[in-house]
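Peer 1: heads up, no residue letters with this:
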């Protein structure tokens, strides 16, 4: 009988820590996948935003003939933001900062374009422009929601890889910190005005 107890104790001493380590590892994988999925949702919304902008510029181009520089700046900022989005990596702080800055720049030139468009009554009443405005407004809201969800997921993941005892498992299996998608400057904290 004592032999069975010794075997059960040995099994408990070996099995319980192994199950514990497996649980911690799987929890870290789950959190990592959650924040990567949340970033993918941001990516979808940013792509939609970037896809809407050429249509917006084409619609405005017919009415804003004297604002060529502004329209070109919008397209240039859109291309820079699209490139930054394609190169963004959640584990690379520099690429996430570049993405935030590019999106901030895009928001700024869009704001200038919308401010200038108020001088064109025909443009403000154009159905295509009104529809694009509504889609862009909706997309901006989805980007903000997706960014919040992503940052929440990153915070949970980063907390887990830094807290005892999961930090040992995180270090052992090379779970590195994820980077938040943060506002790059205070002007981005203001909503982009898309009214006509």
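Peer 2: Structure's in. What do you need? Since we're looking at a predicted model, the values are computed, not measured.
Peer 1: which ones are touching the residue nearest to residue 53 when sequence neighbours are not counted?
Peer 2: The shortest distance from residue 53 to any non-neighbouring residue, by C-beta to C-beta, 6 or more residues apart in numbering, is to residue 78 (4.5 Å). Bear in mind the C-beta positions are built from the backbone N, C-alpha and C, glycine included. For residue 78, the contact set (C-beta atoms under 8 Å, 6 or more residues apart in numbering) comprises 50, 53, 54, 106.
Peer 1: For residue 78, pull up the helix or strand it's in.
Peer 2: Using DSSP states H and E, residue 78 sits in helix 68-87.
Peer 1: What average pLDDT does that helix get?
Peer 2: If you average the pLDDT over helix 68-87, you get 92.
Peer 1: Next, the buried residues of that helix.
Peer 2: 70, 71, 73, 74, 77, 78, 80, 81, 82, 84, 85 (16 or more other C-beta atoms under 10 Å).
Peer 1: ok, the first one to residue 76 distance?
Peer 2: It refers to residue 70. 11 Å (C-beta to C-beta, to the nearest Å).
Peer 1: Count the neighbours of residue 148 for me.
Peer 2: Residue 148: 13 surrounding residues under other C-beta atoms under 10 Å.
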